[in-house]
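> structure of the sequence below:
(3 chains)
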Amino acid sequence: MSAEEPDLERYRTQMERCYRCSLCKWVPITQVKGWRFAQNCPAILKYHFHAYSGGGKVIAALGLLEGKYGITEEFVRVVYRCSLCGACDLACKIVLGERMEPLEILHELRKKFFRDGKIPERHGKLVEDTLKYGNPYAEPRERRGEWARGLGVEGREKPEVLYFAGCTPSYRLPSVARNTVRLLKGAGVSFGILGEEETCCGSPLYKIGAEEAFREQVKKNLEGFDRLGAETLVTQCAGCYHMFKAVYPEVEGMDLEVLHLSEYVERLLEEGRIRFTKEMPLKVTWHDPCHLGRLGERRHRWEGREVKRYGQMILTEPRKKVAYGKEGVYEPPRRILGAIPGVSLLEMQRIREFSFCCAAGGGVRAAYPELARFGARERLEEARATGAEALVTCCPFCELNFLEALEEGGGGMRVMDLTELVLGAMGEESQGLEIRR
Amino acid sequence: MALDRRVYGELEAAVGPENVSEDPCVLAGYSRHWAAALRTAEKSPGKWTPFPDAVVLPGSAEEVQKVVRICNRYGVRFKAHSTGWGPWGAVSQRNSVLLDLRRMNRILELDERNRYAVIEPYVSAMQLRAEAMKRGLTCHVAGCGPNHSVLASCTSQEGMGADGYTMSHNNRNLLAVEWVTPTGEIVRVGSPGSGAGWFCGDGPGPSLRGIFKGEWGALGGLGVFTKCSVKLYPWPGPPELKVVGEAPNYGYELPGNFRLYLAVFPDWESLNEAAYRIADAKIGYMVWRTASPQFLALVMGSQLNEEELSQLYETLEELLPAHRLEITLASPSARELEYEEKVLRAIVEETGGELRNVAEDPVLSGMKEYLFAAFSFQNYNARVFSFTGDFLTSFGAELCPDRALKTVPLGKEVRRKYVERGLFVRDGAENFWGGPEEQNRFCHWEGLLSYDPAERRSLEGAREYVEESDRVALEHKLGMTIPSHLSPLLAERFSPHHQHFQEWLRRIKRKFDPGNLSDHGYYVNPGATPPPP
Amino acid sequence: MGIREELAEIVGPENLLEEVLEEYSSDHSFSPPRRPSLVVRPGKAGEVRRIVEAANRYGVPLVPCSSGPPRFRGDTVPGREGSIVLDLSGMREIIALSRRNKIAVIEPGVTFGQLLPELKRRGLRPHGPLLPRANKSVLTSALEREPVLMPRYQWDLLDPLVCAEIVFGTGEVLRTGEAAMVESREELREGNLTCHMGPGAFDPIRLVQGAQGTMGIVTWGVIRCELLPTVEHLFFVPSPNLGKLVDLTYTLLWRRLGEEIFLLNRLSLAGLLGKSREEREELRPSLPPWILILTVAGYERFPEERVEYQEEEVRAIARERGLGLEASLAGKEGEEVKGLLEGPQEGSWRLRYGNFQEIPFLTTMDRTPFFVDLMLRMAEKHEYPPEELGVYVQPLVQGVCCHVGFDLFYGASEGRRKVEELFLRASEALLEAGAFFSRPYGPLARLVYGRDVETAGVLRKVKEIFDPRGILNPGKLCFGGEG
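The predicted structure follows:
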């Protein structure tokens, strides 16, 4: 059976191993700093039934595999009211290590649900739109590159860097893409864009479990990258970053060096191609996007067997490289913020690999917007609790979700993209976040 | 078989339709637990437990009361559930409603001066501890690790933990309680019943705490506890501990006024003697023995390759002999710390031991932050499950220290056989977790083990081991073992040798729950005939 | 055969007492007097069981009593006609003492006068109340949850009681806690019973403690003791302000400094120190309004060093609050007072100053100034001189709560009526204001259970289990009396 086909059976032993400790619902114990922000999962926080937790879904999957019940409407909700952020995965592995892969199980479950046609109605449309329009917003392909008008982006052969804007900056938050271009130009970087040839990285398809459709997008993107001929791909979309950095190499391979914009800006700073000359007095807090941090690490598909050593102790052979999210991108944005004169960083409690997901991803925003808003409000409250004046991040999908939640009365908090602060400190003009509808 | 449809309608009216579910994928989440082998006498078929027929999420004591009254009206069984951290969180039969108390998750009051907190069922020990620390206080954490419900541990389960030298056992830490009885009355046990606040659980007159909690509690068999107050203890450390290290082995920086020692002794008798003297000297913040050195190596070596793991196993086997106590000294006063260190050193020397300061040890100092988080805060206790995905324990009564000590040599001989046959993880014959509680007033030694329920011989071995260790405990008067707390059928074997306590529990059960609707599966079956002697 | 004959067969006719009935008919409380029909004095636990079985069969009420007079709380005055007093003072065996495990295994008739020297010889002292009288039953003191002097070593209100053998109202016997495994007197003598829990999923010991003999009769019990220090110094902290002393107490308990610690007002301290009314009156004016008394101690290793650093730190903490730590007060040295506390006393120290009625309740220390003010206002309203109000505050359970005892003294019969009225009205007001009467003696029970009806309902269910015929001390707590 190929990795494309849903294969819950592969994970049966792991599913049987869940011992119902509920640690999947909490940040790692040693990181708990208080009552209010100790939990890690937007879904269980909102819906409460154990099924909505990582462990609950694992158990639900096992029951399905054993034929105890079929797929009900509630089961579809349980599976898809989840941003696949991986917080449960990290928390579980702190204890079970190599013996459990909750995120892989949840993803496999989605593949099965999609294969069986058991998905939220809205997701069916999402898949269609993405394939048809090259973006999940059902916006015309021809308009994809409009954000770049007037910025003097030249066509280049073999640029140093391929800047991949992504669907959300292209269609909903163009200021983010425009700021990025200004930043790259300001640093004298030779970069190219795909413009209207750019197409969705495939993340929504992957997350929904639409494997075949996802692999189509992968092929399209890789062909587009080949055509442009850059060696380095830079994106500021955490979702796209996760795809190119962590998923594409497992699926088809990825020849380009993949960097998040924050990593690239850090490099530019070190090389002296960017200098911060203007003071930006501001108290900020940094939101670690899941797909940049804990999911910004490649998760190798393990092929091996479990063996018994030391009597009954279960070990993997070969030893599985466990993804704890340590290799995600955490320091570059912090170093950038630290280098901007006047900025003081006030950390939230749930940060780095145990950051709290805004709950937009995984198809949630499309099918269950109330959960996405809930996650955003929860995160905004945590941001406010730091005393910061602004919540800064570098993931346009998180930013979109935060802005939408604020519009619907999610309390006050200024939300900024990292590029605004970087451009400001460079003495350059920038645009603030504004949703284009 | 689902319940009468009217029940679902009434439940929805009581708690809101979004807080009731009968969907099987939701019910499944409450029906799968570890400890198949603990139910050895029932020959449990594995990790699945019976599915409830509905799960409800009440948000208040009043909603709990409504649910309980609905169940009484229709003759439906019910079971309270908070974190569900163990099979006792499950219903034991069909025709049951499970009350998931997750929405009742608030710390209602934290009285800093009088050192108690008033909490709802879904407040975890790690949350309470973090909030208390901000105020110079901390709470007792039970040995399953800080992800447990404090209220459930205090009212319904057991409650021994590695900080027990200072913070005792949750039988002691429980103060006042709000109790929805099996027939749906709300009773406030202790001072709140008189409108006097939440500082006391005893009276007026005798203490009703004695009805539902002893060495362990009713585990859902006597109604639902919706609120309680719990003692807090002085915390001499900073308001927030500094986290260092990286996943999966985060640690805490040792505050300047803390000392973490390993006291290594030539044998268990010396260790026990030292514990007596340490207690008599009235020093010490935490005194415990976490696990065998082999076990620690296997837990800490989760990221190592086989060769490195083997090296670590041998190193710790040598470095951390079995007869060892982890001792934390802590004081806001430098002079007191100095005094305690001096006394500790003298005692360890007198008893033939060796005192190693973890922060200065050439090997251990590299792991000191992790060891601090693991030993003194029990943050990694759940890793007992990590080797096989299941866990078992044995012995584990709270006893006079001299009596408790007999557990180790006797238990060791029983464990050794199964370990040598490869039926358990090879974690050393002496994998006992325990130590002195309440300044050595009583003591706890519990034989941990990891077996694989998916491998038949390992599962059968675990069941045999429980039977054999229970027999040894009975024969040598080592109290009631932990497995017997968690299996009413096993408890029946101990009952004739422990004042026929199950008969008394049956009377209590019949009096308070004449309809037998509050799930008796982990308490006592009121209709059962006791086995012949 | 009637019950008398049966009892004579059980204990021997010489242990059925009819000439002393008057002594058991009343005590110093306001409980209405009632003569028992008989006093029975068993000598062994087995006799107690048979007596209870017989009483159960005949439906005859039993009133257990272990201490010698004077008695103060009304709990040993029969609540129903035809009651038989079960005087356990003849069961006086000290079954075991263990320095190692710091316990004493004793029968109910063992008194403080009897036990203290035995403990002292073994380097122990009881964890007991303030100045118990010599003929007071040690076990009863623990069963009645009398407040103890060392909150630091009191993990919950059960302490210092550990476990016991109980005869329930059905005549059934149950041994609690670790004693559940004990099968013989020889095993008891090993002195290794230190855990109170169980057996199983209940704590029967908690059901007899505070029950005033209405649930079961204890035929032997284990109590926890403390080590006798090698060095111990007693200090006074005087203050015009109770709140400041409360503040200091909180800090000392958080820091786990000191051993014995309690607070008295000037009248109570003068009464404790004086040997006569005249002496008390002489002492009183030279005492501050409020006094905190505490001891610091050293044990086996480096005792002087321990005392030194603790004294220094207590002094520094007191100084931060504008308070001083004094080794003597009003001409009384700490050592002298310490000697007094080591006790026991012959007779009740309070009775030196006339009759008195105590109002005992629990609260948290921060509320004590409020309750003192309330009590003073009630005293004024009832024309009771405020300077005659004794106040004792005892921190308990490591500082989580405290006992407050208000002593109302009176002399002649008119004074008695007034004080009785004050006692009832003040108790009502205190209860209304949030005082917790955890030990509701006599008329307080009606007030308390009238307010906490749910607890009364549960207690009656418990009573139905352990004493279904209601023969144990009827009329106490919320259990019916006459009728």
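
> strands along the stretch 301-437 of chain A, start to end?
A:305-309, A:313-317, A:343-345, A:390-393, A:414-417 (DSSP state E, counting those that start in this stretch).

> any chance of those strands in TSV, plus mean neighbour count?
For every residue, glycine as well, the C-beta is placed using N, CA and C. Formatted as TSV, those follow (neighbours: other C-beta atoms under 10 Å in any protein chain shown):
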stretch	mean neighbour count
strand A:305-309	13
strand A:313-317	19
strand A:343-345	17
strand A:390-393	24
strand A:414-417	21
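
> for B:Gly220, what are its contacts?
Listed by C-beta atoms under 8 Å, 6 or more residues apart in numbering or on different chains, the contact set of B:Gly220 reads B:79-81, B:88-89, B:156, B:518-519, B:521-523.

> switch the cut-off to 7 Å
When contacts are counted by C-beta atoms under 7 Å, 6 or more residues apart in numbering or on different chains, B:Gly220 touches B:79-80, B:88, B:156, B:518-519, B:522.

> now swap in A:Leu45 and tell me
By C-beta under 7 Å, 6+ apart, the contact list for A:Leu45 reads A:39, A:378.

> next, it: secondary structure please.
Here A:Leu45 is helix, with the state taken from DSSP: H, G, I helix; E, B strand; the rest coil.

> for it, give its distance to A:Ser53.
10 Å (C-beta to C-beta, to the nearest Å).

> same check on A:Ala388?
A:Ala388 is 29 Å from A:Ser53, by C-beta to C-beta.

> between the two, which one's more packed in?
For A:Ala388 versus A:Ser53, neighbours defined as other C-beta atoms under 10 Å in any protein chain shown are more numerous around A:Ser53 (29 against 21).

> A:Lys245 reaches A:Glu297, doesn't it?
No: with contact defined as C-beta atoms under 7 Å, A:Lys245 does not count as touching A:Glu297 (8.2 Å).

> neighbour count winner among the two?
Taking other C-beta under 10 Å, A:Lys245 and A:Glu297 do not tie; A:Lys245 has more neighbours (26 against 20).

> confirm the more buried one sits in a helix?
Yes: judged by three-state DSSP, A:Lys245 forms part of a helix.

> next one: it from chain B, what distance?
If you measure A:Lys245 against chain B using C-beta to the nearest C-beta, to the nearest Å, the figure is 19 Å.

> quick check: closest non-adjacent residue to that residue.
A:Val258 (4.4 Å; C-beta to C-beta, 6 or more residues apart in numbering or on different chains).

> give the contact list for that neighbour.
A:Val258 neighbours (C-beta under 7 Å, 6+ apart): A:233, A:241, A:244-245.

> in chain A, which residue is most central in space?
A:His291 (2.7 Å; C-alpha atoms, centre = their mean).

> before we move on, which element is A:Val234 in?
Assigned by DSSP states H and E, A:Val234 belongs to strand A:232-235.

> please list the outside residues in contact with that strand.
A:160-164, A:166, A:225, A:241, A:244, A:256-261, A:264.

> what does stretch C:410-423 give?
C:30, C:354-355, C:357, C:359, C:378-379, C:382, C:384, C:408.

> partner residues bridging the residue nearest to C:Ala164 when sequence neighbours are not counted?
Sequence neighbours aside, C:Gly221 is the residue nearest to C:Ala164 in space, at 3.8 Å (criterion: C-beta to C-beta, 6+ apart). The residues listed as beta-bridge partners of C:Gly221 by DSSP bridges are C:Ile106, C:Ala164.

> gap between C:Gly221 and chain B?
15 Å.

> which residues does that residue contact?
Contacts of C:Gly221 (C-beta under 7 Å, 6+ apart): C:106, C:139, C:161, C:164.

> I'd like to know which of the residues you listed is nearest to chain A.
Chain A has its nearest neighbour among these in C:Leu161, at 35.6 Å by C-beta to the nearest C-beta.

> skip the chain neighbours and tell me the closest residue to that closest one.
Spatial nearest neighbour of C:Leu161, chain neighbours left out: C:Ala142 (4.1 Å); criterion: C-beta to C-beta, 6+ apart.

> for B:Asp4, same thing?
Of all residues not flanking B:Asp4 in the chain, B:Tyr74 sits nearest, at 5.9 Å (C-beta to C-beta, 6+ apart).
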